[in-house]
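Novice: missing the sequence, but the structure's below:
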């Protein structure tokens, strides 16, 4: 998923994941912005939900990309994106 910003933005990107139907899902979340790539591995059950908070810096007209990759379980999930 990519988000394009019309104006420059520096702040925190909040991501929420929730494994509604099992406790076996595992995944890796990567966020790419103007400063580089940050990766978070979700290696424990998140059937009660889990938050990730990442600082981002985007120039005017810039893009932040969020990629969620399944490492175990049926698929990968991303339940919410907040600025």
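Specialist: Cool, the structure landed. Every value quoted in this text rests on a predicted model; they were computed, and no experiment measured them.
Novice: what about the strands in the chain?
Specialist: Secondary structure of the chain, counting by DSSP state E: strands at 2-4, 9-17, 26-33, 36-42, 50-58, 63-72, 80-82.
Novice: what's next to the last one, contact-wise?
Specialist: The reference is to strand 80-82. Outside of strand 80-82, the residues within contact range by Cβ atoms under 8 Å, 6 or more residues apart in numbering are 1, 3, 13-16, 66. Bear in mind the C-beta positions are built from the backbone N, C-alpha and C, glycine included.
Novice: could I get those residues as JSON lines with neighbour count, pLDDT and distance to residue 82?
Specialist: Written out in JSON lines, the entries for the contacts of strand 80-82 read as follows (neighbours: other Cβ atoms under 10 Å; pLDDT from 0 to 100; distance: Cβ to Cβ, whole Å):
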{"residue": "1", "neighbour count": "9", "pLDDT": "92", "distance to residue 82": "14"}
{"residue": "3", "neighbour count": "16", "pLDDT": "94", "distance to residue 82": "11"}
{"residue": "13", "neighbour count": "20", "pLDDT": "96", "distance to residue 82": "8"}
{"residue": "14", "neighbour count": "13", "pLDDT": "98", "distance to residue 82": "4"}
{"residue": "15", "neighbour count": "19", "pLDDT": "98", "distance to residue 82": "8"}
{"residue": "16", "neighbour count": "15", "pLDDT": "98", "distance to residue 82": "7"}
{"residue": "66", "neighbour count": "19", "pLDDT": "98", "distance to residue 82": "12"}
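Novice: possible to save those residues as TSV with distance to residue 60?
Specialist: Formatted as TSV, the entries for these read as follows, by distance: Cβ to Cβ, whole Å:
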residue	distance to residue 60
1	20
3	14
13	17
14	22
15	23
16	27
66	20
